[in-house]
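Trainee: Need the 3D shape of this:
(one chain, ligands or ions: 2)
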Amino acid sequence: MLNPETLSQLQNILGAQGLLTDPASLETYGCDWTKTYEPAPSAIAFPKTTAQVQALIQVANQAQFNIVPSGGRTGLSGGAVAAQGELVVSLERMNKILEFNTQDRSVTCEAGVITAQIQQFAAEHDLFYPVDFASAGSSQIGGNIATNAGGIKVIRYGLTRQQVLGLEVVTGKGEILKLNNGLVKNATGYDLRHLFIGSEGTLGIITQATLQLIRPPQNLTVLVLGVPEFGALMQVLMRFQADLDLSAFEFFSDRALHYLVQDKGLAKPFDTPAPYYALLEFENDSAGREQAALQAFQDCLEQGRVLDGVMSRSQTQAKALWRLREMISETISVYTPYKNDLSVRVSQVAAFLQAVDQIVAERYRAFEVIWYGHIGDGNLHLNILKPATMEKAEFFEHCAAVNEQVFALTQSLGGSISAEHGVGLLKRDYLSYSRSPEEITYMRAIKALFDPNQILNPGKLLS
Ligand code: S2G
Ligand code: ZN
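Mentor: Ligands and ions are numbered 1, 2, ... in the order given. Alright, predicted model coming up:
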């Protein structure tokens, strides 16, 4: 816990309303969307400037207390959980858009700006910020960068990493770094910006970012296709990619659809039953494009790779079809799912799905499995629903026992045990399934360089 002298030091830096210690605030700001850890921070700091963030880190180094950087707290790996008396440093009051340049087609904002705000800002300037996911309405740009957030458009536009032209960070040593200055090209040595992207708040606190914006896609059109089995999904992907630059290729199982219809009253895309569904999106900006999509659909039907399908004819219908994918996470959250977020190379997906499905069928016989994810990126979200009659702890123990097998299989295919949700606390002890001992040694050395007193997010990512 923080002693009174330290608390008053922090109070002096932050001003009257800048430091909260009431139980409700500790509860709210001490956790993220992981439902596994009891929040127990000492206090919540709300800096308004980079200088205040720097001062907080300097005091933390002197007084030897730990800091948990905090954005929208929408993470699913416990990366923003403060359960050991840490000081949570929330960036939510650093929420200004600072600069926009039409020629550079870039926007510079503070870390606490909400993702959806950047999407909106881009649209108002006839541009497009292409990173999108279900939690974009509450996640913050700083947290998106710290976890290299992916989402539903990665197949065409890449992850958050690909959008970052510049960063301002305060390192664990309390030094302010301004990285890359929004340049498109800069061949002057190690690109330190890329160390902080995906570092989960363990090397520094991101305070500002310069993001690239792009031409808005025209007439995005969505197809939802019913497919007869896992393997067909990748053949459908290849057939459509032969003629179209897809901006999304997602999938979900019939059990996911069951809960969307039963619990959220969403409409089925069509009546033909199917075990799996693919959701594709493309820029329908010419008659030729639409013809190519219809031809690909026809070919897949004839080859028995698709059972049925629907194509949006309006933006309203496209949004309704997207809800079938985007609402899965929220819909099943009431069933306390045990979540895995796995990825392999696209070429390995069919074999991987086959093998994981076998493990799941054997080891999770008593549990309900919900499949969905960004399969066009090789990223699968394997969610196991907790039986109503089983205690959460017992259920999570059962699921964790299967982890070793699922992670060993992932490792055998050179895959990742955390495709986009990060490592945080949840996956920390499994890191060696996806990173070599040599890599982990280098990662520890980098951590020691930027945060020599180990005050930033200790216990996250690296044990
Ligand atoms: C998704 C959202 C978080 C979850 O829907 O793609 O990344 O529930 C997920 O897995
Ligand atoms: Zn996802």
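
Trainee: Get me the contact residues on the chain for ligand 1.
Mentor: 76, 134, 328-329, 339, 381 (C-beta under 6 Å from any ligand atom). Where C-beta positions appear, they are placed from N, C-alpha and C, glycine not excepted.

Trainee: what about 5 Å?
Mentor: Residues of the chain lying close to ligand 1 by C-beta under 5 Å from any ligand atom are 329, 381.

Trainee: The residue positioned nearest the centre of the chain: what's it in contact with?
Mentor: With distances taken as C-alpha atoms, centre = their mean, Ala149 lies nearest the centre of the chain, 3.8 Å away. Contacts for Ala149 (C-beta atoms under 8 Å, 6 or more residues apart in numbering) come out as 115, 131, 133, 139, 143, 159-160, 420.

Trainee: go again using 6 Å as the cut-off
Mentor: Residues in contact with Ala149 (C-beta atoms under 6 Å, 6 or more residues apart in numbering) are Thr160.

Trainee: packing partners for the least confident helix or strand in the chain by mean pLDDT?
Mentor: Least confident helix or strand, the chain: helix 349-363 with a mean of 91, by mean pLDDT, DSSP states H and E. The contact analysis (3 or more C-beta pairs under 6 Å, 6 or more residues apart in numbering; DSSP states H and E) places helix 349-363 against helix 230-243, helix 392-412.

Trainee: ranking these by burial, who's on top?
Mentor: Mean neighbour count, computed with mean count of other C-beta atoms under 10 Å, is highest for helix 230-243 among the helices and strands packed on helix 349-363, reaching a mean of 19.

Trainee: the inter-axis angle of that helix versus helix 349-363?
Mentor: Interaxial angle of helix 230-243 relative to helix 349-363 (axes from the mean of the first three to the mean of the last three C-alpha atoms, to 10 degrees): 160 degrees.

Trainee: got a list of contacts for helix 230-243?
Mentor: Helix 230-243 is contacted from outside by 227, 249, 251, 278, 280, 292, 296, 300, 305, 349-350, 353, 375-376, using C-beta under 6 Å, 6+ apart.

Trainee: Of those residues, which pair is most distant in space?
Mentor: With C-beta to C-beta as the measure, no two of these lie farther apart than Ala292 and Leu353, at 26.8 Å.

Trainee: more crowded one of those two?
Mentor: Looking at Ala292 and Leu353 with other C-beta atoms under 10 Å, you find the greater number of neighbours at Leu353, namely 22 against 17.

Trainee: end-to-end on stretch 173-185?
Mentor: 28 Å (C-alpha to C-alpha, to the nearest Å).

Trainee: I'd like to know how many residues surround the residue in the stretch 101-250 of the chain that ligand 1 sits nearest to.
Mentor: Nearest residue of the stretch 101-250 of the chain to ligand 1 (C-beta to the nearest ligand atom) works out as Ala134 at 5.3 Å. Counted with other C-beta under 10 Å, residues neighbouring Ala134 total 18.

Trainee: Return the member of the contacts of helix 230-243 nearest to Asp126.
Mentor: Leu280 (25.8 Å).

Trainee: Ignoring the adjacent residues along the chain, who's closest to the closest one?
Mentor: Of all residues not flanking Leu280 in the chain, Leu223 sits nearest, at 4.6 Å (C-beta to C-beta, 6 or more residues apart in numbering).

Trainee: Turn the contacts of helix 230-243 into TSV, columns for distance to Pro269 and secondary structure.
Mentor: TSV is the format used below for the contacts of helix 230-243 (distance: C-beta to C-beta, whole Å; DSSP: H, G, I helix; E, B strand; the rest coil):
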residue	distance to Pro269	secondary structure
Val227	12	strand
Phe249	16	strand
Phe251	13	strand
Ala278	11	strand
Leu280	12	strand
Ala292	21	helix
Ala296	17	helix
Cys300	15	helix
Arg305	17	coil
Val349	22	helix
Ala350	23	helix
Leu353	21	helix
Ile375	17	helix
Gly376	18	helix
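
Trainee: Just give me the neighbour total for Ser312.
Mentor: 20.

Trainee: on that earlier part again, ok, of the helices and strands packed on helix 349-363, where does mean pLDDT dip lowest?
Mentor: Ranked by mean pLDDT, the helices and strands packed on helix 349-363 end with helix 392-412 at the bottom, a mean of 93.

Trainee: ok and that helix relative to helix 349-363, angle-wise?
Mentor: Helix 392-412 and helix 349-363 are oriented at 150 degrees to each other (the same axes, to 10 degrees).

Trainee: For Ala293, give its distance to Tyr157.
Mentor: 19 Å (C-beta to C-beta, to the nearest Å).

Trainee: And the two? Which one has more around it.
Mentor: Ala293 (20 against 17).

Trainee: quick one: pLDDT of the more buried one?
Mentor: 98.

Trainee: Can you classify it as helix, strand or coil?
Mentor: Three-state call for Ala293 (DSSP: H, G, I helix; E, B strand; the rest coil): helix.

Trainee: quick one: it from Ile328, how far?
Mentor: Going from Ala293 to Ile328 by C-beta to C-beta gives 24 Å.
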